[in-house]
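In: sequence and predicted structure below; questions after.
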Protein chains: 2
Amino acid sequence: MKSVYIKDIYRNVEKYADQTVVIEGWIRTLRASKAFGFIEVNDGTFFNNLQVVFEESLANFSEIAKLSISTSVRVEGKLVITPDAKQPFEIKAINITVEGKSSNEYPLQKKRHSFEYLREIAHLRPRSNTFSAVFRIRSLAAFAVHQFFQEKGFVYTHTPIITGSDAEGAGEMFRITTLDPKKPPVDEKGEVDFTKDFFGKETSLTVSGQLQGEAYALAFRNIYTFGPTFRAENSHTARHASEFWMIEPEMAFADLNDNMELAEEMLKYIINYVLENAPEEMDFFNKFVDKGLLDRLKGVVSSDFGRVTYTKAIELLKECKENFEYPVEWGCDLQTEHERYLTEKIFKKPVFVTDYPKDIKAFYMKLNEDGKTVAAMDLLVPGVGEIIGGSQREDKLELLEERMDAMDLDKEEYWWYLELRKYGSTRHSGYGLGFERAIMYLTGMANIRDVVSFPRTPKSADF
Amino acid sequence: MKSVYIKDIYRNVEKYADQTVVIEGWIRTLRASKAFGFIEVNDGTFFNNLQVVFEESLANFSEIAKLSISTSVRVEGKLVITPDAKQPFEIKAINITVEGKSSNEYPLQKKRHSFEYLREIAHLRPRSNTFSAVFRIRSLAAFAVHQFFQEKGFVYTHTPIITGSDAEGAGEMFRITTLDPKKPPVDEKGEVDFTKDFFGKETSLTVSGQLQGEAYALAFRNIYTFGPTFRAENSHTARHASEFWMIEPEMAFADLNDNMELAEEMLKYIINYVLENAPEEMDFFNKFVDKGLLDRLKGVVSSDFGRVTYTKAIELLKECKENFEYPVEWGCDLQTEHERYLTEKIFKKPVFVTDYPKDIKAFYMKLNEDGKTVAAMDLLVPGVGEIIGGSQREDKLELLEERMDAMDLDKEEYWWYLELRKYGSTRHSGYGLGFERAIMYLTGMANIRDVVSFPRTPKSADF
């Protein structure tokens, strides 16, 4: 008899009521007296466990009664509706067989563990309530992203991970090499000879797929990337990881307004999708991780996001007389405290800040007519601050080259990126959403290490 | 007036007939006489172009008549059904404005270019028929993969790209480092001191997410990965790239039969999805790239895949008296010529070959009761050979340790992988599908460099 998924039983209980079913899963809890016992089984398909009742009539009753947590079992039994009990139904066991034993050394016992401790057993933590919820939300949110863009006809583009260029023009990047680390070949000048390296030149891990994404947007009109990106920054904050996934849509024939509309629609779509498809997990986060979570997310979905220029935002922040740690002045980069004040206190909803000073933004952003700001946008959300950053791109060859010269970038290296402005350039726009930050926002989890399966941070690449 | 997508017009032409519409896109071809002209516009949303007719009544007629290919334009005009013409409808232009000029130097002129040449302009080649078709199929196939697994409740897992271990136990891997390439720190023994490197140890780019995927399958029951993987092999074949994407599902409580069923269902699902969602592109490939393509794919969808053990397959190959370049003997690895003979000549359909000699397979595959073969499976398909490789995993701690010892692997490094066999081990199975090989199979494209946006191969990491 084939086992059924516990999720199927929860979602279609009328189909299984009073039937004999088989489930397979792991023991989450076990209590037994001399005559009977209870096992909570979780099979990973669903957030909730399924209670199994077993009695001394089982041939192996005494063996089962002593099993350790996380033992994998096969249970055959009758599904009984239990309207008067805490759980809606349970299985009365006819037969329980052990597939793989566990032991009392199992590190994830029922007591509450700190998230720090659970990071040390990252191979086991998805078996806990919190992390099974986190990583199921992560999976659903990833699919929501794909479905959102595919429904709109956007072409999913796999931009390269290994790159010979630096997309942001300011990256701390990881080098990729197969040269002998101890005795690399050197050239006539005594420098390391990267022409002898695997790719015939110095290569790194990408920090963004945007530039290549632009090439594809100028062929397909609408594209998106969704892949890993990397920062070799020695940051030890709760918001920085060395390896993280990013979503970068790019649209031709689209200006900054189109860009903001897309970002707003996307964020609402993702939130709605996880609320609809993982109600048990989202309730759990709301109860045990972040008490205001559901209200906040539902507020976002039902609000029209605000829009304010950077210049106006600076005015508002100066007027508010709040005592910020970092002073506010036109030309400064907004700090998280400023961002949160804007979205939480002034607008009380998500807000796009647009048209930043060109000197604090990347070279590829479109220069506004004032000559001093660029068509950038950052989306700020309550509880987090910036979650999306994007811009309309500079589509005029001369202006782009001027900016690159001013920032001392090597135009030769970007020959193909410049050519996009030579052969049918168009207005075009895009943005980046850090996927981990989005998951933190959706779940209320406070540390990026707790929304990545096996996190990579400075001095840490375990598992 | 907002522009509409050319795809929308093709799919809902009755809605737009005799209406004034605006399209935005790039000129694919332009012919003009003194009194009128024709432009084929492609906006990237659809494989086919839309024909625009313009007449000398346009104020800028002479400017438009001289435009170069790939110029981006905005066309306002009336959509007219043309039942007697080659194209089903066209736009009679009222207004044409140029958004971005192109020039006669545009490298992708209408004449046919070799695929080799087009690789040198990888930033422009998605604007050609062939590559717009390839990369749209790639996007649709990727989504089909996600939809297939999500419909079944599989959890999408992002396994790490940067790794401190070697999943296959035999990899040629890329090193990731931030150490000074010229003067790396050395330890007391004069060796490079990787404890001073970014992650505090030597790290590489992953060759597979399987081992971490197993950890997640033993929590969620069913998971899949879909991410980039890397090989630092100096291979210059048409089937090898240094960076490619891989799909790796992993199922707990599943044996080799369940594994084969999943692989067969998945492959049929992907094929059906692209046939349904990209009929124009698939017709194009069938006509211009690979003449038997549609028949072959439809044959796969409607066939029950064959199954044969390796031992039986060797017998069949020996009996057939074919003159193979590589001789066939029990214990040898099957070469592409053998694989293709099996699937094309003997079975005439896709076939799973199972239960290979343990000595030619990876350490984690489950030892069969005969003590000399493992529960491995390779799926062979006509025209290609192997497209999927997988196995049931060794779930017994002692046997896994024995295999690791025999292969001289460092068990300490795999402590967490071994623990999965200590705390509720179960039978479990999974496989890997190389996504680029799948795209080659779906499109008939013969070189892996032509199904990757910006391919990375030895001595080549351009763009």
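Out: Thanks, I have the structure now.

In: spell out which residues of the stretch 201-350 of chain A are next to chain B.
Out: Taking CB under 8 Å from any CB of the partner chain as the contact definition, the stretch 201-350 of chain A meets chain B at A:201, A:203, A:205, A:212, A:215-222, A:227-228, A:230, A:232, A:242-243, A:245, A:252-253. Bear in mind the C-beta positions are built from the backbone N, C-alpha and C, glycine included.

In: and A:Arg119, what does it touch?
Out: A:Arg125, A:Arg449, A:Asp450, A:Pro455 (CB atoms under 8 Å, 6 or more residues apart in numbering or on different chains).

In: I figured the first one hits A:Val134, correct?
Out: So the one you mean is A:Arg125. No: the criterion here is CB atoms under 8 Å, and A:Arg125 misses it with A:Val134 at 9.0 Å.

In: how about low-confidence regions in chain A?
Out: Applying pLDDT under 70 to chain A flags residues A:166-171.

In: what segments of it are helices?
Out: A:6-11, A:13-16, A:61-65, A:115-120, A:129-151, A:210-220, A:256-277, A:279-288, A:293-302, A:310-319, A:336-340, A:397-406, A:415-419, A:435-443 (DSSP state H).

In: so of those helices, which one's packed in deepest?
Out: Mean neighbour count (mean count of other CB atoms under 10 Å in any protein chain shown) peaks for helix A:210-220 among the helices of chain A, with a mean of 26.

In: okay, the angle between that one and helix B:129-151?
Out: 110 degrees (axes from the mean of the first three to the mean of the last three CA atoms, to 10 degrees).

In: elements contacting helix A:210-220?
Out: Helix A:210-220 is packed against strand A:222-230, strand A:243-252, helix A:415-419, strand A:428-434, helix B:129-151, with contacts defined by 3 or more CB pairs under 8 Å, 6 or more residues apart in numbering or on different chains; DSSP states H and E.

In: strands of the stretch 51-200 of chain A, start to end?
Out: A:72-81, A:89-100, A:155-156, A:162-163, A:175-177 (DSSP state E, counting those that start in this stretch).

In: tabulate the ones you listed (JSON lines), appending distance to A:Phe363 and mean neighbour count.
Out: Formatted as JSON lines, the strands of the stretch 51-200 of chain A follow (distance: least, CB to CB, whole Å; neighbours: other CB atoms under 10 Å in any protein chain shown):
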{"stretch": "strand A:72-81", "distance to A:Phe363": "55", "mean neighbour count": "19"}
{"stretch": "strand A:89-100", "distance to A:Phe363": "56", "mean neighbour count": "18"}
{"stretch": "strand A:155-156", "distance to A:Phe363": "26", "mean neighbour count": "24"}
{"stretch": "strand A:162-163", "distance to A:Phe363": "16", "mean neighbour count": "24"}
{"stretch": "strand A:175-177", "distance to A:Phe363": "23", "mean neighbour count": "23"}
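
In: closest one to B:Val13 among the ones you listed?
Out: strand A:155-156 (22.5 Å; CB to CB).

In: could I get the strands of the stretch 51-200 of chain A as JSON lines with distance to chain B?
Out: As requested, the strands of the stretch 51-200 of chain A are exported to JSON lines (distance: least, CB to the nearest CB, whole Å):
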{"stretch": "strand A:72-81", "distance to chain B": "4"}
{"stretch": "strand A:89-100", "distance to chain B": "3"}
{"stretch": "strand A:155-156", "distance to chain B": "4"}
{"stretch": "strand A:162-163", "distance to chain B": "5"}
{"stretch": "strand A:175-177", "distance to chain B": "5"}
